[in-house]
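Asker: Predicted model and sequence follow; I will ask about them next.
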Amino acid sequence: MTQPRLFLHVTDNALATQLLQSAVVRRFVVVKSSDSTSWAEQLLAQPCDLAFIQADQHSKADYQRLTASRLLAEIDFIVVSDGSPDPALDQLTRCGAGYHFRQPFDMASIFDTLQDFYQQLSQHQQQLKANVSALDQFGLLVGSSKAMLKLYRTVRKVAVTEANVLIFGESGAGKELVANTLHLASHRAEQPFVAINCGALSPELVDSELFGHTKGAFTGALREHKGVFAQAQGGTLFLDEVTEMPLEQQVKLLRVLESGEYRPVGDDKVVQADVRIVAATNRDPQQAITDGVLREDLYFRLAQFPVPVPPLRDRGNDIVGLAQHFLAYRNSKEQQQKQLANDTLAIICQHNWPGNVRELKHAIERAYILADNLIQPEHLLLEASRDDNSDSCLSEVPCGVPLEQLEKAAILNTLAQNAGNKTDTAQQLGISVKTLYNKLEKYQQSEP
């Protein structure tokens, strides 16, 4: 939180020393006046939140100038004097409803007043912070850490080229936002951005989804359908979770990337593709090749320019910054002033965030709903790390239940916990998105 600023104009050295050595004044950012110009000019040139002024016989013009300025309505002030009658000072005090302490000074009262102002100003700044985001932004990406600033520079440079891009990073880190931002910063920004989840493609319909089909091309093809290559013509095609596409389908994608041509199902005409390919995966690309889930030749076609996305745990202060960012936008939308308690911020800093930015965003949104004005730790509803609860989870598995039923329960419960997000569910269960879709389809067919 930014500290309140205190303007200090004190001509008595003993009083100045007493003030500067006090604990309450040290909490402020202190701006001391100098002898170069009048203190009023200095205050007008660098406005502060609170002004502490020692009155003297030469200050009449300064009082009048401050009284006539708009600054008087924007700052608070405390004046101390020897008690000599001064109409100009009285006018200043009346206009600004400021404190005026006369000799002999009750320093305890002065320090109490300074403390009251500090608490008031700090609370006001905290309320302002609840409705603003302090993070830098590039396109749809938000963050101020070195890792994110490096990512901004990388995306900006590659965006203006026609190179195919492979984005890789953990689930929830923001790969699709990187793809969208890359499109917005490119020369194709006015053309379509089309995204497709490769893990959700049915093997029987993948040709149709990618390349389209003519009416009557196969049973059920009642009308012509444009594939994603046609939908994204002139723009950007985003192939999300490309490593989840079956290998036999990766061959068909490779042919298009090599020749720049494709043929809709049932059509005898070849279509020239004019799309910029951006792909993404939550796997390590080299490991995916080793595991046999990504063709090496397709990798080299897709990864003309690889772009890694940093996990949230490697983004330093962005963790708290993003929490405040999500809170500020929710406060603005709901016209509220909810705040994060210090204990809550500490937990947010300590959490590992395996679900990355998506997990943090969902945690803040859930906490926002549960909290009244102050979001406390119990409102976050964070999941314990897998290492912490693995033993307890094993102890809760029932004995004698068929494995098929246990598998179904694990899939459906994990899916519900992830609010229906199939990519996160598949990753947590250690299966492919396609396998998850097949399992869910099987469960649906078995229902009476």
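Answerer: Thanks, I have the structure now.

Asker: use CA for all of it now, contacts and neighbours both
Answerer: Fine.

Asker: how is this protein carved up into domains?
Answerer: What the record gives for the chain is the domain set 5-129, 146-309, 313-379, 391-446, from automatic domain parsing.

Asker: can I get these in TSV with mean neighbour count and mean pLDDT?
Answerer: Listed next are the domains of the chain as TSV, based on neighbours: other Cα atoms under 10 Å; pLDDT from 0 to 100:
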stretch	mean neighbour count	mean pLDDT
domain 5-129	15	84
domain 146-309	18	90
domain 313-379	18	91
domain 391-446	14	74
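
Asker: In TSV: those, plus distance to Q137.
Answerer: Shown next, in TSV, are these (distance: least, Cα to Cα, whole Å):
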stretch	distance to Q137
domain 5-129	17
domain 146-309	9
domain 313-379	11
domain 391-446	26
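
Asker: among the ones you listed, which is nearest L135?
Answerer: If you check each of the domains of the chain against L135 by Cα to Cα, domain 313-379 wins as the nearest, at 6.3 Å.

Asker: how about the residue nearest the centre of the chain, what does it touch?
Answerer: For the chain, L322 is the residue whose C-alpha lies nearest the centre (Cα atoms, centre = their mean; 3.9 Å). Contact analysis of L322 by Cα atoms under 8 Å, 6 or more residues apart in numbering lists 135, 142-143.

Asker: again with Q3
Answerer: Residues in contact with Q3 (Cα under 8 Å, 6+ apart) are 27-29, 122.

Asker: Out of these, flag the one nearest to G83.
Answerer: Proximity of these to G83, judged by Cα to Cα, is greatest for F28, which lies at 27.2 Å.

Asker: Would you agree that closest one is in contact with L6?
Answerer: Yes: in terms of Cα atoms under 8 Å, F28 counts as a neighbour of L6; the distance is 5.9 Å.

Asker: how about T37, phi and psi?
Answerer: When read as degrees, to the nearest 10, the backbone of T37 gives phi -140, psi 180.

Asker: So R313: helix, strand or coil?
Answerer: Following DSSP: H, G, I helix; E, B strand; the rest coil, R313 is assigned to helix.

Asker: looking at it, it is touching N352, isn't it?
Answerer: Yes: counting by Cα under 8 Å, R313 touches N352, with 6.1 Å between them.

Asker: and V80, that's in a helix?
Answerer: No: assessed with three-state DSSP, V80 is strand; it does not lie in a helix.

Asker: Tell me what it is bridged to.
Answerer: Note on V80: beta-bridge partners Q54, F101, judged by DSSP bridges.

Asker: pretty sure it contacts R102?
Answerer: Yes: with contact defined as Cα under 8 Å, V80 reaches R102; the gap is 5.7 Å.

Asker: intersection of neighbour lists for the two?
Answerer: Taking Cα under 8 Å, 6+ apart as the contact rule, V80 and R102 touch no residue in common.

Asker: just the helices in the stretch 1-150 of the chain please.
Answerer: For the stretch 1-150 of the chain, the helices defined by DSSP state H, counting those that start in this stretch occupy 13-20, 23-26, 39-45, 60-67, 87-96, 107-129, 146-159.

Asker: Packing partners of the last one?
Answerer: By that I understand helix 146-159. In terms of contacts (3 or more Cα pairs under 8 Å, 6 or more residues apart in numbering; DSSP states H and E), helix 146-159 is packed against helix 175-184, strand 305-308.

Asker: L412: which of the ones you listed is closest?
Answerer: helix 175-184 (25.4 Å).

Asker: Keeping just the C-alphas, turn the closest one into CSV.
Answerer: In CSV, the C-alpha atoms belonging to helix 175-184 read as follows (Å, rounded to 0.1, in the frame of the first residue of the first chain):
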residue,chain,number,x,y,z
LYS,A,175,-2.1,-19.8,-23.1
GLU,A,176,-5.3,-18.9,-25.0
LEU,A,177,-4.9,-15.3,-23.8
VAL,A,178,-1.4,-15.3,-25.2
ALA,A,179,-2.8,-16.6,-28.5
ASN,A,180,-5.5,-13.9,-28.6
THR,A,181,-3.0,-11.2,-27.8
LEU,A,182,-0.7,-12.4,-30.5
HIS,A,183,-3.6,-12.2,-33.0
LEU,A,184,-4.6,-8.7,-31.8
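
Asker: could the helices of the stretch 1-150 of the chain go into a markdown table alongside distance to A273?
Answerer: Conversion of those to a markdown table gives the following (distance: least, Cα to Cα, whole Å):
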| stretch | distance to A273 |
| --- | --- |
| helix 13-20 | 71 |
| helix 23-26 | 66 |
| helix 39-45 | 60 |
| helix 60-67 | 69 |
| helix 87-96 | 70 |
| helix 107-129 | 48 |
| helix 146-159 | 19 |
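
Asker: Done for today, thanks.
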